[in-house]
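> Sharing a model prediction with you, sequence too.
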Amino acid sequence: MVMKKVDHMQYQEGMEIIQSDLMNKVLSTVEKYDCTLYTNRDVERALSKDHLSLEDYGALLSPAALSYLEEMAVKGMAETKKHFGDNVSLFTPLYIANYCQNECVYCGFKATNKIQRAVLNYDEAEEELKAIASTGLEEILLLTGESRYKSDVEYIGKTIKQATKYFKTVGIEIYPLNVDEYAYLHECGADFVSVYQETYNPDTYEKVHLWGSKRIFPYRFYAQERALLGGMRGVSFGALLGLDDFRKDAFAAGLHAKLIQQKYPHAEIGFSVPRIRPYINNADNNSKDVHEKQLLQVMLAYRLFMPFAGITISTRERAGFRDHVAGMVANKMSAGVNVGVGGHEEEQKGDQQFEISDERSVAEVHQMLVSKGLQPVYTDYIRV
């Protein structure tokens, strides 16, 4: 299949343009960030402060800070306890579709990957939701591939309405939308929107997003802001660590989130820290330069830079690492996960997006948290 290349920085027809200068602020600032310039003294100065400047944040993401992980962890745990107590929120994702119209070189759902595609019909979705709710979970994240044709906004909205019968909090991780579409999904019952820029380097972004609507960098960048303008309660940020310079991408994600927080102080802010993982037909696709030590550094830097932000650790990571960061820096984690379409009640209908490393059930993750003296939380929000 030969696709006509389009300018990745130009909006396509139907993509809403909002009045905001945040993208230029983030890109111009990140361009000047050089993590190699920071010294031990810069890291120590950052750790001595109660409130971090952007320069301090840059220092904690630098190679120099790797020697200070223990000090960062002590301070990070204190901040986590201060703002979240011993609580760790639990949720699970439900993939309702895996059709995609994008060609992203790192993703198992990419359009040219030969996998089993599927969309849950409403009866199947109902059964999946019931099965997940029976575990005690009261928060769910609904996900799709990026195909407006196979999983359109109306379909997603109806599935959200189904989910609200069983869950007090419904988040979505789908393709970016316009403000009115986010407003519609919010009316249907969605509370929280997760969108990940993958990489904040526009040149790398162009190289790894070959075609499809996801190729358009600015439309994706402004998704969180459009979601908040559409009435959503909260938004989550992150980069796919290992796709480009992970330190620069983490620096950019933190700055992006900070600017949104300043502009929309009512919004709840969250971070996720996905690393590239192997997927079907590409077992070697892995984030080789972002090891657990570096991943922990990014998480701690997020926590110290934005203490109130939620930080989620997914089942991409092994159980031991997830256990280690729970309560120290992560205040939210998934459990009982299946990253294929369905698979909680009926047989999995569509193939998985990536390999997971922690296959424990909700009950097993719950018990792990209790054994660490932590309090598993099944909901922290009641819809009015």
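It's in.
> can you list contacts of the helix or strand harbouring G171?
Using DSSP states H and E, the element containing G171 is strand 169-173. For strand 169-173, contacts defined as Cβ atoms under 8 Å, 6 or more residues apart in numbering pick out 91, 93, 138-144, 156, 160, 163-164, 185, 189-195, 236, 379-381, 383. For every residue, glycine as well, the C-beta is placed using N, CA and C.
> so where's the stretch 151-300 of the chain uncertain?
277-288 (pLDDT under 70).
> how about whatever helix or strand comes next after the strand holding G171: buried residues?
Next helix or strand after strand 169-173 toward the C-terminus (DSSP H and E): helix 179-188. Of the residues in helix 179-188, V179, E181, Y182, A183, Y184, L185, H186, C188 count as buried by neighbour count, 16 or more other Cβ atoms under 10 Å.
> By residue count, what's the longest strand in this structure?
Using DSSP state E to define each element, the chain has its longest strand at strand 87-95.
> what angle do that strand and strand 169-173 make?
50 degrees (axes from the mean of the first three to the mean of the last three Cα atoms, to 10 degrees).
> so what does strand 87-95 touch, helix or strand wise?
Judged by 3 or more Cβ pairs under 8 Å, 6 or more residues apart in numbering; DSSP states H and E, strand 87-95 is in contact with helix 122-133, strand 139-143, strand 169-173, strand 332-334, helix 362-371, strand 375-377.
> Relative to the strand holding G171, what are the paired strands and their orientations?
Counting by DSSP bridges, the strands paired with strand 169-173 are strand 139-143 (parallel), strand 192-194 (parallel).
> picking that back up, which of the contacts of strand 169-173 count as buried?
Buried among the contacts of strand 169-173 by 16+ other Cβ under 10 Å: 91, 93, 138-144, 156, 160, 163-164, 185, 189-195, 236.
> In JSON lines, list the helices and strands packed on strand 87-95 along with distance to S48.
Listed next are the helices and strands packed on strand 87-95 as JSON lines, based on distance: least, Cβ to Cβ, whole Å:
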{"stretch": "helix 122-133", "distance to S48": "45"}
{"stretch": "strand 139-143", "distance to S48": "37"}
{"stretch": "strand 169-173", "distance to S48": "36"}
{"stretch": "strand 332-334", "distance to S48": "29"}
{"stretch": "helix 362-371", "distance to S48": "32"}
{"stretch": "strand 375-377", "distance to S48": "31"}
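> Throw the strands paired with strand 169-173 into TSV and include distance to F84, thanks.
Converted to TSV, the strands paired with strand 169-173 look like this (distance: least, Cβ to Cβ, whole Å):
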stretch	distance to F84
strand 139-143	15
strand 192-194	16
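> Which one, of these, ends up nearest to Y57?
The closest of those to Y57 is strand 192-194. By Cβ to Cβ, the value is 21.7 Å.
> mind listing what's buried in the helix or strand just after that closest one?
Remark: after strand 192-194, the chain's next helix or strand is helix 202-208, criterion DSSP H and E. Applying a neighbour-count criterion of 16+ other Cβ under 10 Å, one finds T204, Y205, E206, V208 buried in helix 202-208.
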